[in-house]
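Peer 1: After the sequence you'll find the predicted model.
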Amino acid sequence: ERTVITFGTFDVFHVGHVRILERAASLGDRLVVGVSADALNVRKKGRAPVFSQEERIEIVSALRCVDEVFVEESLELKGDYIRKFEADVLTMGDDWKGRFDEFSSLCEVVYFPRTPSVSTTALIEHIASI
Ligand code: C2G
C-alpha cells in the first residue's frame, strides 16, 4: 500500500483545494491530510482562519479521496508526521516548490501546479465587497 501525505489550511474550501487533494490521492492508495491548527495560523499569519480547525477537518474528512485527517500543530513537524503515518509520498502545491526537498531522504516529494485564479484571500475580498 502506497501512502500519500499532504498539508494545508483548507480555509473557505474551494475548487483549488479539491483538485490538489484529488491529484494527491491519485499518487497512491491512501491519502492522509494534515489540516493546520488554528493556533499555527495565528502564529504564522497573524489571524485565525474563517472556519475553525474542527470545521475545516469536518469538510476535508467528508471528501471521497481522503482517508485520514489529523491536526498539523507545527510546520516544523513534517518529518515526524511523514514517519508516523509511514508516508511514501509528500505532495504540495507548487507555491511550496523546493521548500520540502529536505524530506526526499524520507519519502518521494511531488509538487503539483496550483489551480490558477482561485484563493482563500481572493474569496474573502470578493465576499467582503458584495
Ligand atoms: N492550492 C492549489 N490551488 C489553489 C490554492 C491552493 O493547488 N488555487 C493548494 C496549495 O498549493 C496547498 C493546498 O492547496 O497544497 C492547501 O492550500 P492552503 O490551504 O493555502 O494551505 P497552506 O497555507 O499553503 O498550507 O504545511 C503547510 C501548511 O499547512 C500551510
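Peer 2: Sure thing, it's come through.
Peer 1: For the rest of this, base every contact and every neighbour count on C-alpha atoms.
Peer 2: Noted.
Peer 1: how about the residues of this structure near the ligand?
Peer 2: For the chain, the residues found near the ligand under the criterion C-alpha under 6 Å from any ligand atom are 7-11, 16-17, 20, 36, 75, 92-95, 114-116, 118-119.
Peer 1: Drop anything exposed from those residues.
Peer 2: Phe7, Thr9, Phe10, Asp11, Gly16, His17, Ile20, Ser36, Met92, Gly93, Arg114, Ser119 (16 or more other C-alpha atoms under 10 Å).
Peer 1: Just those residues: which are in strands?
Peer 2: Phe7, Ser36, Met92, Gly93 (DSSP state E).
Peer 1: From the residues you listed, pick the one nearest Glu54.
Peer 2: Ser36 (10.5 Å; C-alpha to C-alpha).
Peer 1: Enumerate the beta-bridge partners assigned to the closest one.
Peer 2: On the basis of DSSP bridges, Ser36 is bridged to Glu72.
Peer 1: residues contacting it?
Peer 2: Phe7, Gly8, Thr9, Gln53, Val71, Glu72, Glu73, Ser74 (C-alpha atoms under 8 Å, 6 or more residues apart in numbering).
Peer 1: repeat that for 7 Å
Peer 2: Contacts for Ser36 (C-alpha atoms under 7 Å, 6 or more residues apart in numbering) come out as Gly8, Thr9, Val71, Glu72, Glu73.
Peer 1: Test my guess that the second one contacts Val33.
Peer 2: No - the criterion here is C-alpha atoms under 7 Å, and Thr9 misses it with Val33 at 10.1 Å.
Peer 1: got the contact list for the residue lying closest to Ser61 once chain neighbours are set aside?
Peer 2: Spatially, and ignoring its direct neighbours in sequence, Ser61 is nearest to Val69 (6.3 Å; C-alpha to C-alpha, 6 or more residues apart in numbering). Counting by C-alpha under 7 Å, 6+ apart, Val69 makes contact with Val32, Val33, Gly34, Ile57, Ser61.
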